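Participant: show me the folded form of this:
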Amino acid sequence: MTSLTVTDTIITQARSEGRSLLSEVESKNLLVAEGISVTDAQLAKDADEAVSVAETLGYPVVMKIISPDIAHKSDVGGVVVGLADSGEVKSAYDEMMAKVSSVASTARIDGVSVQNMAEPGIEVIVGATTDPQFGPVMMFGLGGVFVEVLKDVSFRIVPLESRDAKQMVREIDALPILEGVRGQDGADLEALETLLLSISELIERRPEIAELDLNPVFAYSNGAIAVDARIVLHSQNDV
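Facilitator: Residues are numbered from 1 along each chain as shown. I've put the predicted structure just below:
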């Protein structure tokens, strides 16, 4: 009998609980298991555990609320960055729980994600969704708040070829930002192409995945890393 992979275990656990939405920690653990570069994230269920995780990862860290009922964490005070020591982690945990409870009193709270704080880079988004007619479709564009404001994105049907990834990166209007403007370092376009191809291969390999969002991905002059991740599974009847 074949042993379950990390990905199998995560998907099986979510489905056994009747969930299609993976937590950020689950999403990132799945991506790491599949060879995708993301910031390390671990679940902590109380302040002491959050400190323990932070001590293991090394400071500074980012803390985010983990809840199946909260889609936009920052809107409810569910994201704190730049925590530099154990005292700040404990205080941030207590303040976050109090604020989230007051703003979203009915939300189920599973704990917090504690993760490494990545160096800032050019923010891009890499995503995948399932079109009723065409099947899996990939998306690329500027990330963070820009994706909602500018809607400057490119699309391709999975599976991607190398030329598709190259075109996706280069056909958005914001390409000059990726290439570097006013003396700023540009992004590693080849690393972004590789990321697109890796996600395309993952979607092909794992048809259980209905949606995937990496937003933002920090693009550097040498490499790229996803700092937030969201994965939604198909219902078992759709696979």
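Participant: in this structure, where is pLDDT below threshold?
Facilitator: 1-3, 145-150, 237-239 (pLDDT under 70).
Participant: and the strands in it?
Facilitator: Secondary structure of the chain (DSSP state E): strands located at 41-44, 61-66, 79-83, 111-116, 122-131, 135-142, 153-157, 209-219, 224-226, 229-233.
Participant: can you show me the CA trace of the longest one as PDB?
Facilitator: Pointing back at strand 209-219 there. The C-alpha trace of strand 209-219 is given here as PDB (Å, rounded to 0.1, in the frame of the first residue of the first chain):
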ATOM      1  CA  ILE A 209      -7.300  22.000  -6.500                       C
ATOM      2  CA  ALA A 210     -10.100  24.200  -7.700                       C
ATOM      3  CA  GLU A 211      -8.600  27.600  -6.900                       C
ATOM      4  CA  LEU A 212      -5.100  28.800  -5.900                       C
ATOM      5  CA  ASP A 213      -3.900  32.300  -5.100                       C
ATOM      6  CA  LEU A 214      -0.400  33.400  -4.200                       C
ATOM      7  CA  ASN A 215      -0.800  37.100  -3.300                       C
ATOM      8  CA  PRO A 216       1.400  38.700  -2.800                       C
ATOM      9  CA  VAL A 217       4.500  37.000  -4.200                       C
ATOM     10  CA  PHE A 218       7.600  39.100  -3.500                       C
ATOM     11  CA  ALA A 219       9.600  39.300  -6.700                       C
END
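Participant: possible to save the strands of the chain as CSV with mean neighbour count?
Facilitator: The way it works is simple: take the backbone N, C-alpha and C, and place the C-beta from them, glycine included. Formatted as CSV, the entries for these read as follows, by neighbours: other C-beta atoms under 10 Å:
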stretch, mean neighbour count
strand 41-44, 22
strand 61-66, 24
strand 79-83, 17
strand 111-116, 25
strand 122-131, 20
strand 135-142, 21
strand 153-157, 17
strand 209-219, 23
strand 224-226, 22
strand 229-233, 21
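Participant: closest one to residue 33 among those strands?
Facilitator: Evaluated with C-beta to C-beta, those place strand 229-233 nearest to residue 33, the distance being 12.0 Å.
Participant: now the strands of the chain in JSON lines, with distance to residue 188?
Facilitator: What follows is the strands of the chain, written out as JSON lines (distance: least, C-beta to C-beta, whole Å):
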{"stretch": "strand 41-44", "distance to residue 188": "23"}
{"stretch": "strand 61-66", "distance to residue 188": "23"}
{"stretch": "strand 79-83", "distance to residue 188": "23"}
{"stretch": "strand 111-116", "distance to residue 188": "20"}
{"stretch": "strand 122-131", "distance to residue 188": "10"}
{"stretch": "strand 135-142", "distance to residue 188": "14"}
{"stretch": "strand 153-157", "distance to residue 188": "18"}
{"stretch": "strand 209-219", "distance to residue 188": "7"}
{"stretch": "strand 224-226", "distance to residue 188": "6"}
{"stretch": "strand 229-233", "distance to residue 188": "20"}
